[in-house]
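# Generate a structure from the sequence data that follows.
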Amino acid sequence: MTLSIDIFDQTETLSSEEIETIENLLQFAALEERVPKDSEVSITFVTNKDIQEINRDYRGKDQPTDVISFALEETGEDEVEIQGADLPPHLGDIIISIEKAKEQAEEYGHSFMRELGFLSVHGFLHLLGYDHMTKEEEEKMFSRQKEILEKFGLKRTG
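Residues are numbered from 1 along each chain as shown. Take a look at the predicted model:
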């Protein structure tokens, strides 16, 4: 196993099969992206209310969103890098709104599982440094997401 994944379903609405699929998908994405062995990531599934609070507090946007990622391996200004040869890399945290995932699955005409997978991979790629602030970054990130999801078997029509 490449990743150590902590999954928290605060909504208590996901099935064990859905959770297992997300875990397998993130393991697959980690292999595809050549993430160092024993890297750690957490993924938390929340309500629109919860993600709206996070979005407001950390991004200054007082509205629900679908996914938020907090990369822990990035060193920002005035931050000290934690060093230690024995520490596995903790990539960060992914937070996903179950309600937004359901809304968007319906809006885009694909399965809830495909949308949950898309948001999980999207958040994971953010942890790895992908972004979509420019057109070039967006094309690179979204094509990589699509490639990972299709190789894994979560196609848009599924």
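# so Pro36 sits right up against Leu128, yeah?
No: using Cβ atoms under 8 Å as the test, Pro36 is too far from Leu128 to be in contact (10.9 Å). Backbone N, C-alpha and C define where each C-beta goes, glycine included.
# For the helix or strand harbouring Glu53, buried residues please.
Secondary structure from DSSP states H and E places Glu53 in helix 48-59. Buried residues in helix 48-59, defined by neighbour count with 16 or more other Cβ atoms under 10 Å: 48, 50-52, 54-55.
# Number of residues surrounding Ile68?
20 (other Cβ atoms under 10 Å).
# For the nearest residue to it once chain neighbours are set aside, list each beta-bridge partner.
Spatial nearest neighbour of Ile68, chain neighbours left out: Ile95 (4.8 Å); criterion: Cβ to Cβ, 6 or more residues apart in numbering. Counting by DSSP bridges, Ile95 is bridged to Thr44, Ile68.
# Double-check Ile95 against Ile51; I have them as touching.
Yes: assessed by Cβ under 8 Å, Ile95 is found in contact with Ile51 at 6.1 Å.
# ok, back up a step: more crowded one of Pro36 and Leu128?
Leu128 (20 against 11).
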